[in-house]
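Chemist: predicted model follows, preceded by the sequence.
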Amino acid sequence: MTINRDANEAVRRAIEGIIRERGEIGVQVAAYLNGELVIDTWGGIADVSTGRPVDGETLFNVFSVTKAVAATAVHIQAEKGLLDYDVPIATYWPEWGCNGKETATVRDALTHHTGTPQMPDGVTPESICDWQGTVDGIARLPALFPVGEVPAYQSMSFGWILGEIVRRTDPQRRPFGRFIQEEICQPLGIRDLWVGIPDGVEQRISRLVNAEADAPLPPDDSLFARSLPNTVRLVPEVFERPDVRRACIAGVGGIFNARSEARFWALLAQRGTLDGARLLSPERVDAACVPRTGGGPDPVYFNTEMPLSEGGYWKGSDKVPFVGMVKGDRAICCPGAGASIGWADPDTGLAVAFCHNYMTRPATCEAHPCYPIAEVIRDSLGI
């Protein structure tokens, strides 16, 4: 560990600032530079009901940041020669090949071009805890848009689609949560990157505070609500349930701490190798950083242009508040509901994780709680 004391202290003060001035409650930030942990700091309260403070071991819900782990698992399978991006999903998962989805490829799944942004009808917190039942329902979905033509963001289904592709191409057919632990976490020495927690870590999870609790819900028949149903929306009432915490919900269910998440991103910032563990080739990481082709207005997110990459990650953009702090032409990231985020920049070697428990929806890039943190990180590290 080579913590940069000056940078760490500058970020710690910045965390105090957003707690004091922006209403943040509990925050962790960690950053790697050129494969070394240089920032690992935190502040605030993990549980407002008890006053439990945040420390370095505190865990946080990170929601769609989890999608980066699912995408990376697919790339690991490709690296092993177990799948091809341009082969139809149905080659590996025959049940998928119906209702207009027959030609959808693994690449289409990574880039949100399967034409199936929706979740199955009737989903509940209990049903999303059932991996097999959920993937069976997703496999039967009809394509709402022509495959490969219209980008339609798979808000929740992304994780199950990619996770089932990984499971079907895994010679051991391991559950996806176990695959993540054995193929990503163990080789990299990552302790706290959970997509389905074990019992022993639950007491370390921070409690969410939803600043948007009074916001009106989207109509149930809207495309947004079909993609992210109101019955399983990303709120404490659903994602603090013990059964949901323990389930492998591979698109939105991650519970991480910042130092573990930053180490995951450091693998990508180092172009596939970290501390001698090689999970991906440099060329594969480079290809995953390229902006996706076939973009355009996304009908799920109210015809917003979403900056995504060919590899299943997001790109930074000063037009999208959730990713405005991510700089660099080749940087990749994943934002999560409530404003969690992590990113990697292969050009500078910087990898950052921002975890917190005060769920907000920033209206501008500058309003994002991580925006000033990111500026301090880059300035203090001379990037």
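Modeler: Good, I have the coordinates.

Chemist: on the three-state scheme, residue 160 is what?
Modeler: Recorded secondary structure, residue 160: helix (DSSP: H, G, I helix; E, B strand; the rest coil).

Chemist: residue contacts, it?
Modeler: 131, 134-135, 138, 250-251 (C-beta atoms under 8 Å, 6 or more residues apart in numbering). For the C-beta atoms, the positions are set from N, CA and C on the backbone; glycine is no exception.

Chemist: confidence score at it?
Modeler: Note for residue 160: predicted pLDDT of 98.

Chemist: for residue 117, see how far away residue 261 is.
Modeler: 26 Å (C-beta to C-beta, to the nearest Å).

Chemist: correction: residue 315
Modeler: For residue 315, the distance to residue 117 - C-beta to C-beta - is 19 Å.

Chemist: over to residue 348?
Modeler: Taking C-beta to C-beta, one finds residue 348 at 33 Å from residue 117.

Chemist: and the two? which has more neighbours close in?
Modeler: residue 117 (28 against 17; other C-beta atoms under 10 Å).

Chemist: how about the secondary structure of the nearest residue to that one once chain neighbours are set aside?
Modeler: For residue 117, ignoring the flanking residues on the chain, the nearest one in space by C-beta to C-beta, 6 or more residues apart in numbering is residue 152 at 3.9 Å. With three-state DSSP as the basis, residue 152 sits in coil.

Chemist: residue 152: neighbour count?
Modeler: Neighbour number of residue 152 under other C-beta under 10 Å is 22.

Chemist: for residue 69, see how far away the closest residue to residue 170 other than its chain neighbours is.
Modeler: Distance criterion C-beta to C-beta, 6+ apart; nearest residue to residue 170, sequence neighbours excluded, is residue 179 at 6.2 Å. Taking C-beta to C-beta as the measure, residue 179 falls 10 Å from residue 69.

Chemist: between the two, who's got more neighbours?
Modeler: More crowded of residue 179 and residue 69, by other C-beta under 10 Å: residue 69, with 26 against 23.

Chemist: in which helix or strand does the more buried one reside?
Modeler: helix 66-79 (DSSP states H and E).

Chemist: packing partners for the helix or strand where residue 109 lies?
Modeler: In the assignment (DSSP H and E), residue 109 maps to helix 106-110. Contacts defined by 3 or more C-beta pairs under 8 Å, 6 or more residues apart in numbering; DSSP states H and E place helix 106-110 against helix 66-79, helix 89-92, helix 157-169.
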